[in-house]
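Novice: Below is the sequence, then the predicted model.
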Amino acid sequence: MRFSGAFEFPPDKAKANDRAIRLEWITVGYLVSAIFFIYITLGSSQAMKAAWIEDILSLVPSISFLIVARIRNRAPNERFPFGYHRAVNVGYLCASVALAIMGLYLLYDSVSKLAAFEHAPIGLVQPWGEPIWLGWFMLPALVWSAIPAVILGRIKIPLARQLHDKILYADAQMNKADWLTAVAAMVGVLGIGFGIWWLDPIAAIVISLDITHDGIKNLRTATAGLMDARPTVVDGSAVDPLPERLRTELLALDWVRDAVVKVREDGHVFFADIQVEPSTNEGLTSKIERTARDLIKVDWRLIDVIMMPVEKIEDKRRADKTRPDVRSGSKP
Amino acid sequence: MCDLSTMQVVTSKENFLSEAWSFALLGWGNQEPVKRLVILLAITLTACGVPRDPEGTLARVSGGVMRVGVTDAPPWVELGDTAPDGIEVRLVEQLAEEIEAEIEWVEGSEQELFGALRFRELDLVLGGLTTETPWSAEAAVTHPYLTTATLVAVPQGSEATEDIAGLEVGVEANTEIAGLLRRTDARVVEVDDIEDFDGPVAIDNYLTDDLDVVDTGVRLSESDHVLALPMGENDWMTTVEAFLLERPDEIKKLLAELGTP
């Protein structure tokens, strides 16, 4: 049984999705301004450089989200019979690889500056005719790179949960954590101001560790997504209850003796692969078709249900002992 | 600079493009709050001696000895038999007077001087350096104190045209200007002494009066002149920079006096 077509949000989610797209455009515009301000005040501070690169990298999830929002709703075609939903996973993987590599590079760069005892020189600039130490411009630029980002992040997190969108969630998390980068960079700049030169590379190391950490965390989630790992809720903190719920619905039907449900997460939509062991073969085709149509209504994210009748269920999956599983076994 | 109420308006309204822009442009449109904030920061913290020197250079040279590396680069530095002279040398002599420092001149090649500067064995290096200096990984450079250009000029009285295609232009042989000129459409005439050449010439902009020529408007290059200091001695660096930035007229006068062919 196959239903996959162009995916459409239910009305309330469509509204949330429009809002998310709007917020992501605002985020991109805002980040470009923050990147510009940090760039013009960059000087030779390593911490500023790290904060700058972090801001540039935080564009990646927002832009991925916007690109994916355009692509994922395209109808399946002959070349891509499963549709374009997985574009989300691909975008997500690229973004996390970029984060992890850039974080590691920055870490190396900052550690070598610290090891070489390199003291960052920051001199005077004259934007309004009077000479002023460039360091004083760095602080407001950093404040601008932090506060709006935190606000945007906080607004986007509930939307990401509502839309079950992992890119949006990763993006919101990054924005929300941006104040840490800004504070670290400010400590670095003030360190230079007070003649404590090593505070600057240390702050840069803190920022690059944060970037690397973000990258590796997201890389794990993205890889798990591409490997069709069991669906989780958007922040990855718990197993998604949908597969178990589908199985419960199936077992409640009098013609179903046993069932195995596997659910695959493609971007923010789910594909279900179901095997049923019917108690009777009478009118099986129409029963399967009706049931599949009913099941697909259980959750808005579910866009495709494939049901396969079998003589005897053989489920060879082992329970994951480290994380209590909700996998389907045989009827109790 | 960052306004929360604006943020809420942006998220609640439908027409987002214009609001997104107003949000992104908040910081650009009005410089006044940023300016006030920066000046406030500068005033309060400069009072507590910020920026400071990690290695205390300014405190050591004030009333003490300033070790200045010099390499021959007329008219900026001209090494003499006894003491060096030149535009940068005279400026640094004034600076030394102001902070009551005694100057110890150290002559050497750029390689030697920047090697010493990297280990803070010198406090300043002069040598007609520009922002393009390849030594920027070894040393800090000041805010540019002067911008000069190389240009094509024609003798007084002849027509000054920007179209130099096919024009015979004199240039001193084996120089950077000769190389730059060769990349234009002009016909390059290499001479040993530019003063002996009669006709259009490619020269530094400060030589036009001495050679009695007028600018055609054709620029071959621009140079922002800087001095080099040890990395990260920011109190010392900003002191030197402020000294130079306060004297644009004096620097021009020195250039007119010493900048000769």
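Specialist: It's in. Numbering: from 1, shown residues only, chains lettered A, B, ... in the order given.
Novice: which SS state does the residue of the stretch 151-300 of chain A found nearest chain B fall under?
Specialist: At 3.3 Å from chain B, A:Gly195 is the closest residue in the stretch 151-300 of chain A, using CB to the nearest CB. Heads up, the C-betas are built off the backbone N, CA and C, glycines and all. Under DSSP: H, G, I helix; E, B strand; the rest coil, the three-state class of A:Gly195 is coil.
Novice: Per-residue pLDDT of the closest residue to chain A within the stretch 151-261 of chain B, please?
Specialist: Going by CB to the nearest CB, chain A is nearest to B:Gly232 of the stretch 151-261 of chain B, at 2.2 Å. Note on B:Gly232: pLDDT of 91.
Novice: just A:Met1 next, same as before
Specialist: 45.
Novice: ok, now the one 3 residues further on?
Specialist: At A:Ser4, the predicted lDDT confidence score is 47.
Novice: how about the nearest residue to B:Glu112, chain neighbours excluded?
Specialist: Among residues not flanking B:Glu112 along the chain, B:Gly69 sits closest, at 7.9 Å (CB to CB, 6 or more residues apart in numbering or on different chains).
Novice: Quick check: the one you found is in a strand.
Specialist: Yes. Assigned with three-state DSSP, B:Gly69 falls within a strand.
Novice: which ones are touching it?
Specialist: Contact partners of B:Gly69, counting by CB atoms under 8 Å, 6 or more residues apart in numbering or on different chains, are B:Val106, B:Glu107, B:Gly108, B:Glu112, B:Leu113, B:Ala116, B:Leu117, B:Leu122, B:Leu124, B:Val125, B:Leu126, B:Gly127.
Novice: Out of those, which end up buried?
Specialist: Among those, the ones that count as buried by 16 or more other CB atoms under 10 Å in any protein chain shown are B:Val106, B:Gly108, B:Leu113, B:Ala116, B:Leu117, B:Leu122, B:Leu124, B:Val125, B:Leu126, B:Gly127.
Novice: Which members of those residues occur in helices, if any?
Specialist: Among those, the subset assigned to helices under DSSP state H consists of B:Leu113, B:Ala116, B:Leu117.
Novice: which one of these is nearest A:Asn218?
Specialist: Set against A:Asn218, the nearest of these by CB to CB is B:Leu117 (43.8 Å).
Novice: give the contact list for the closest one.
Specialist: For B:Leu117, the contacting residues are B:Gly69, B:Val125, B:Glu138, B:Ala139, B:Ala228, B:Leu229, B:Pro230, by CB under 8 Å, 6+ apart.
Novice: Let me know the pLDDT of it.
Specialist: Looking at B:Leu117, its pLDDT is 95.
Novice: How about it, nearest residue that isn't a chain neighbour?
Specialist: Spatial nearest neighbour of B:Leu117, chain neighbours left out: B:Ala139 (4.9 Å); criterion: CB to CB, 6+ apart.
Novice: can you check B:Pro51 too?
Specialist: In space, B:Pro51 comes closest to B:Asn234 once its chain neighbours are excluded; the distance is 3.7 Å by CB to CB, 6+ apart.
Novice: rewinding a little: how many neighbours does the residue nearest to B:Leu117 have?
Specialist: Close neighbours of B:Ala139, defined as other CB atoms under 10 Å in any protein chain shown, add up to 22.
Novice: got any ranges where the stretch 1-150 of chain A has weak pLDDT?
Specialist: A:1-7 (pLDDT under 70).
Novice: That one: helices as residue ranges?
Specialist: A:11-40, A:46-57, A:59-71, A:87-115, A:135-163 (DSSP state H, counting those that start in this stretch).
Novice: By residue count, tell me the biggest strand in chain B.
Specialist: In chain B, taking DSSP state E as the definition, the longest strand is strand B:213-225.
Novice: so does it get close to chain A?
Specialist: No. Contact between strand B:213-225 and chain A is absent, the nearest approach being 13.0 Å (criterion: CB under 8 Å from any CB of the partner chain).
Novice: do the helix or strand where A:Ala182 lies and chain B meet?
Specialist: Taking DSSP states H and E as the definition, one finds A:Ala182 inside helix A:178-193. Yes. If you take CB under 8 Å from any CB as the test, helix A:178-193 does meet chain B, through A:Ile192, A:Gly193.
Novice: List every C-alpha atom in that helix, with coordinates, as CSV.
Specialist: This file holds the C-alpha atoms of helix A:178-193, laid out as CSV (Å, rounded to 0.1, in the frame of the first residue of the first chain):
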residue,chain,number,x,y,z
ASP,A,178,25.5,32.2,20.8
TRP,A,179,25.8,34.4,23.9
LEU,A,180,28.5,32.0,25.2
THR,A,181,30.6,32.7,22.1
ALA,A,182,30.1,36.4,22.5
VAL,A,183,30.9,36.4,26.2
ALA,A,184,34.1,34.3,25.6
ALA,A,185,35.2,36.7,22.8
MET,A,186,34.5,39.7,25.0
VAL,A,187,36.7,38.2,27.7
GLY,A,188,39.4,37.7,25.1
VAL,A,189,39.2,41.3,23.9
LEU,A,190,39.1,42.7,27.4
GLY,A,191,42.1,40.4,28.2
ILE,A,192,44.0,42.1,25.3
GLY,A,193,42.9,45.5,26.7
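Novice: ok, now which ones touch the nearest residue to B:Asp72 once chain neighbours are set aside?
Specialist: Nearest non-adjacent residue to B:Asp72, counting by CB to CB, 6+ apart: B:Leu79, 4.8 Å away. Applying CB under 8 Å, 6+ apart to B:Leu79 gives the contacts B:Val70, B:Thr71, B:Asp72, B:Glu107.
Novice: The first one and B:Leu91, how far apart?
Specialist: B:Val70 sits 12 Å away from B:Leu91 when distances are taken as CB to CB, to the nearest Å.
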